[in-house]
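**Q** Structure, please.
(one chain, ligands or ions: 1)
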Amino acid sequence: MRPYVVAGNWKLNTDVKSAAELAMGIRDGMQGRHRDDAVRVVLCPPYPMLGVVRDAIAGTVIGLGAQNMYPEDSGAYTGEVSAPMLRSVGCTHVILGHSERRQYFNERDAFINKKAHQAFAHDLVPIVCVGETLEQREAGVTSSVIDIQVRQCLAGLTAEQVRRMIIAYEPVWAIGTGRTATPGQAQEVHAAIRALAAELYGDETADALVIQYGGSVKPDNAADLFMQEDVDGGLIGGASLKPDQFLAIIAAAAERSGS
Ligand code: 13P
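**A** As a prediction, the model looks like this:
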């Protein structure tokens with residue numbers, strides 16, 4: 001059985017004090033619950049807050065993720081952060097190719113692919129984001145857009161790596177808009193991603209691949225999304241900044257997983 005993975009992408013929010021409070025709130029709310037493999041939780045604060053969040057969740061099963069990284073170990077890349085740095089601060093995961101990075105920082109699939117290889121080289125689990133824009137959905141090209149993004153972002157990865165990674169399907173039109181994909185729309189794309197993974201890597205790898213949904217996931221729609229066969233958790237933005245909402249989303253995943 002695939003685990004459910006619920007990750008909180010805090011984006012450009014919090015400071016040292018509020019990040020510690022948020023992490024402690026989530027930690028305390030999870031105590032004694034969901035300490036099994038069926039639901040995994042990852043917190044992805046901004047870089048300067050990684051240390052304080054790491055300390056808040058020390059000794060728990062909660063994972064620590066970054067929101068981006070640069071695909072070189074070190075060197076003259078002012079302002080960038082490397083995979084070894086993320087490992088040294090305690091990261092287990094890294095979000096790559098988020099649509100906001102694609103949109104505002106011009107990131108392209110080949111660059112995201114390079115980062116995915118770099119993440120594996122340093123034992124970080126990449127959470128690779130894909131998703132279509134509203135124009136693309138309305139033009140009826142969603143499936144080809146996702147197909148190209150997945151193929152290019154996964155290029156050269158081994159089956160063993162793909163079994164360990166996470167793909168997050170985040171329709172751009174659903175991010176921060178309150179306009180969630182319907183469970184059926186999400187399932188359709190998730191199933192297509194899994195079918196593509198099967199074509200590229202075989203059924204066993206496709207079955208093991210965790211595919212999260214992201215885009216306006218809230219406590220009141222999480223259960224219906226997680227009910228879909230190929231939706232293996234969520235990448236949560238706004239609702240991950242509110243402990244009670246994030247905990248409710250984790251509880252929805254736990255209920256679905258039967259844990
Ligand atoms: P929202 O949950 O705020 O729509 O953000 C989703 C997202 O972009 C997570 O990476």
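
**Q** What pLDDT is listed against G258?
**A** What the model reports as pLDDT for G258 is 76.

**Q** Could you measure from the nearest residue in space to it that is not next to it in sequence over to P3?
**A** In space, and not counting its chain neighbours, G258 is closest to A38: 7.2 Å by Cβ to Cβ, 6 or more residues apart in numbering. C-beta: built from backbone N, CA, C; applies to glycine. A38 is 6 Å from P3, where distance means Cβ to Cβ, to the nearest Å.

**Q** More neighbours: the two, which one.
**A** Higher neighbour count among A38 and P3: P3, with 18 against 15, using other Cβ atoms under 10 Å.

**Q** re the thing from before, what's the residue nearest to G258 in contact with, if anything?
**A** By Cβ atoms under 8 Å, 6 or more residues apart in numbering, A38 lies in contact with M1, P3, Y4, A254, S257, G258, S259.

**Q** Which single residue in this structure comes nearest to the ligand?
**A** G237 (2.2 Å; Cβ to the nearest ligand atom).

**Q** Spatially, which residue comes closest to that residue, not counting chain neighbours?
**A** Nearest to G237 is N9, by Cβ to Cβ, 6+ apart, at 5.3 Å.

**Q** Name only those of the contacts of A38 that count as buried.
**A** Buried members of these, counted by 16 or more other Cβ atoms under 10 Å: P3, Y4, A254, S257.

**Q** I'd like those residues written out as a markdown table, with secondary structure added.
**A** Putting the buried ones among the contacts of A38 into a markdown table (DSSP: H, G, I helix; E, B strand; the rest coil) gives the following:
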| residue | secondary structure |
| --- | --- |
| P3 | coil |
| Y4 | strand |
| A254 | helix |
| S257 | helix |
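
**Q** Tell me which two of those residues sit farthest apart.
**A** Among the buried ones among the contacts of A38, the pair separated by the greatest distance (Cβ to Cβ) is P3 and A254, at 11.0 Å.

**Q** Need the overlap of contacts for the two.
**A** A38, V39.
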